[in-house]
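>>> Here is a sequence with its predicted model. Questions after.
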Amino acid sequence: MLVTSPLLPDMDEFRELLGQVWHSKWLTNNGTFHQRLEAALAEYLKVPYVSLFTNGTLPLVTALQALHVTGEVITTPYSFVATTHALWWNGIKPVFVDIDRDTGCMDPARIEAAITPKTTAIMPVHVYGKPCDTDAIQAIADRYGLKVIYDAAHAFGVEVEGRSVLNAGDISTLSFHATKVYNTVEGGAMVVRDEKTKRRIDYLKNFGFAGETEVVGPGINGKMDEVRAAYGLLNLKQVDAAIAARRKVAVAYREALRGVEGISFWDDLPGVKHNYSYFPVFVDAEAYGMARDALYFKMKERNVFARRYFYPLISEFSTYRGLESASPANLPVATKMAAEVICLPMHHELGAEDVERVIECIVK
Ligand code: T4K
């Protein structure tokens with residue numbers, strides 16, 4: 001049993017759309033499926049504008065460029081490595097701050113002390129789809145004149161009090177990788193507030209071309225093709241059902257694991273529409289009587305492939321380890337969480353028997 005399984009569209013329906021792509025002979029560069037998916041996603045996600053990308057890393061790289069972010073950016077070490085790599089690709093120095101134990105997201109109380117005259121932006125992550133404290137982060141950004149770019153790779157469809165979390169900050173980015181709640185095989189998107197920015201992003205993801213002969217900046221090739229946009233349109237029809245199935249799994253895990261000594265997890269937050277993209281549990285080695293890694297390998301022996309997302313911390317990888325802010329003393333909460341976390345299998349196809357098998361590994 002793997003940690004996740006991709007949501008796949010109906011093969012016949014996909015074949016039908018593929019036929020349309022073949023017939024049109026228009027394969028990429030802002031084709032009709034691309035346009036339709038952008039509009040459909042903006043509506044589904046309750047956001048003003050969506051610009052599709054070929055993966056979830058390039059919108060991060062492009063957002064930083066589009067907002068002219070330079071110098072230093074305050075970010076979290078508790079994420080997938082792409083978050084910090086996007087800064088590196090822009091020649092920006094990452095400054096890591098610690099996270100909040102209750103959400104896994106950047107702790108706003110740690111941000112101000114990390115601001116220097118070189119700081120130009122904050123790049124938090126709604127990790128596991130848990131919303132950051134966006135009000136607190138925005139208040140600091142406003143006070144210091146900083147941009148905010150949310151890596152919302154995990155936050156597809158997440159809402160707080162009926163409003164999309166993707167509307168926070170200046171820009172949010174999404175990943176539609178095969179392992180995500182909603183996927184287009186590989187894919188991603190940027191969520192922007194206004195038409196002018198959307199146009200600029202559309203230029204930048206197409207090498208900077210604004211028309212046949214004008215290039216407005218050093219853009220990149222970040223475009224999504226027609227085949228994946230068509231696939232994405234079909235997956236959008238079934239993503240609600242997939243999220244509902246994931247929720248059932250989360251409820252079953254919580255029911256079975258509540259009260260198991262040394263195992264903790266998060267409950268749903270009031271007022272939040274979650275997407276159940278991951279189900280992290282935390283292993284207190286002493287109280288549980290077994291370290292996280294021992295449990296992870298025990299599960300593996302039983303063919304239950306959980307994952308240690310996000311271990312090691314980004315700040316522990318060789319590229320970033322030398323930074324002052326990467327020291328474990330600066331990141332005690334993140335360091336502890338990375339040592340304790342294990343993400344249990346979580347996807348739309350897991351049945352009661354699968355859940356039972358996972359639980360048996362942990363409880364017995
Ligand atoms: N920001 C954040 C916060 C992110 O989490 C990510 C990506 C990004 C940015 C960048 O977005 P992208 O550029 O990737 O769109 C996976 C994904 O590759 C990555 O997209 C994701 N985050 C990260 C958290 O997880 P791996 O190395 O763990 O993937 P892999 O190949 O080990 O797959 C995990 C499990 O999924 C496998 O055990 C089996 C299953 N699987 C996987 C694939 C690819 C399938 O069943 N089918 C498949 O096709 O990184």
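Yes, it's here.

>>> And the residue of this protein closest to the ligand?
Going by C-beta to the nearest ligand atom, the ligand is nearest to Gly56 of the chain, at 2.7 Å. From N, CA and C alone the C-beta is placed, and that goes for glycine too.

>>> ok, now which ones touch the residue nearest to His85 when sequence neighbours are not counted?
Closest residue to His85 apart from its sequence neighbours, by C-beta to C-beta, 6 or more residues apart in numbering: Thr57 at 7.0 Å. For Thr57, the contact set (C-beta atoms under 8 Å, 6 or more residues apart in numbering) comprises Ala82, His85, Ala86, Ser175, Gly188.

>>> for Gly71, same thing?
Ile92, Lys93, Lys118, Thr119, Thr120.

>>> Just the buried subset of those residues, written out for PyMOL, thanks.
This is how PyMOL selects the buried members of the contacts of Gly71, with burial counted by 16 or more other C-beta atoms under 10 Å:
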select buried, resi 92+93+119+120
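
>>> List, out of the contacts of Gly71, those positioned next to the ligand.
Among the contacts of Gly71, none lies close to the ligand by the criterion of C-beta under 6 Å from any ligand atom.

>>> What about the contacts of Gly71, which are in helices?
Using DSSP state H, no member of the contacts of Gly71 falls in helices.

>>> just checking, which of the contacts of Gly71 belong to strands?
Judged by DSSP state E, the contacts of Gly71 include Lys93, Thr119, Thr120 as members of strands.

>>> what's the distance between the last one and Gly71?
What that stands for is Thr120. Note on Thr120: its distance to Gly71, by C-beta to C-beta, to the nearest Å, is 5 Å.

>>> With the second one instead?
Computed with C-beta to C-beta, the distance linking Thr119 and Gly71 is 7 Å.

>>> Tell me the residues on the stretch 51-200 of the chain that lie near the ligand, please.
55-57, 79-80, 82-83, 125, 151, 153-154, 175, 177-179, 188.

>>> Can I get the buried part of the residues you listed as one ChimeraX selection?
ChimeraX command restricting these to the buried ones, with burial defined by 16+ other C-beta under 10 Å:
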select :55,56,57,79,80,82,83,125,151,153,154,175,177,179,188
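
>>> As a check, name the ranges of all strands in this structure.
Secondary structure of the chain (DSSP E): strands located at 49-53, 72-75, 93-96, 119-123, 147-151, 159-160, 163-164, 171-175, 188-192, 263-265, 272-273, 279-283, 341-344.

>>> Distance to Pro218 and mean pLDDT added to those, as JSON lines?
Formatted as JSON lines, the strands of the chain follow (distance: least, C-beta to C-beta, whole Å; pLDDT from 0 to 100):
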{"stretch": "strand 49-53", "distance to Pro218": "17", "mean pLDDT": "98"}
{"stretch": "strand 72-75", "distance to Pro218": "19", "mean pLDDT": "98"}
{"stretch": "strand 93-96", "distance to Pro218": "20", "mean pLDDT": "98"}
{"stretch": "strand 119-123", "distance to Pro218": "18", "mean pLDDT": "98"}
{"stretch": "strand 147-151", "distance to Pro218": "19", "mean pLDDT": "98"}
{"stretch": "strand 159-160", "distance to Pro218": "36", "mean pLDDT": "98"}
{"stretch": "strand 163-164", "distance to Pro218": "31", "mean pLDDT": "98"}
{"stretch": "strand 171-175", "distance to Pro218": "18", "mean pLDDT": "98"}
{"stretch": "strand 188-192", "distance to Pro218": "17", "mean pLDDT": "98"}
{"stretch": "strand 263-265", "distance to Pro218": "44", "mean pLDDT": "98"}
{"stretch": "strand 272-273", "distance to Pro218": "38", "mean pLDDT": "98"}
{"stretch": "strand 279-283", "distance to Pro218": "38", "mean pLDDT": "98"}
{"stretch": "strand 341-344", "distance to Pro218": "37", "mean pLDDT": "98"}
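
>>> Distance to Lys205 added to the ones you listed, as JSON lines?
Formatted as JSON lines, the strands of the chain follow (distance: least, C-beta to C-beta, whole Å):
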{"stretch": "strand 49-53", "distance to Lys205": "6"}
{"stretch": "strand 72-75", "distance to Lys205": "21"}
{"stretch": "strand 93-96", "distance to Lys205": "23"}
{"stretch": "strand 119-123", "distance to Lys205": "19"}
{"stretch": "strand 147-151", "distance to Lys205": "16"}
{"stretch": "strand 159-160", "distance to Lys205": "26"}
{"stretch": "strand 163-164", "distance to Lys205": "22"}
{"stretch": "strand 171-175", "distance to Lys205": "12"}
{"stretch": "strand 188-192", "distance to Lys205": "8"}
{"stretch": "strand 263-265", "distance to Lys205": "38"}
{"stretch": "strand 272-273", "distance to Lys205": "29"}
{"stretch": "strand 279-283", "distance to Lys205": "32"}
{"stretch": "strand 341-344", "distance to Lys205": "31"}
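
>>> For Met224, which of the ones you listed is the nearest?
The closest of the strands of the chain to Met224 is strand 49-53. By C-beta to C-beta, the value is 4.2 Å.

>>> Around Gly208, how many other residues sit close by?
16 (other C-beta atoms under 10 Å).

>>> ok, it touching Val215?
Yes - with contacts counted by C-beta atoms under 8 Å, Gly208 reaches Val215, the gap being 4.3 Å.

>>> my read: Pro218 touches Tyr203, true?
No - under the criterion of C-beta under 8 Å, Pro218 makes no contact with Tyr203, lying 11.0 Å away.

>>> Of these two, which one has the most company?
Higher neighbour count among Pro218 and Tyr203: Tyr203, with 19 against 9, using other C-beta under 10 Å.
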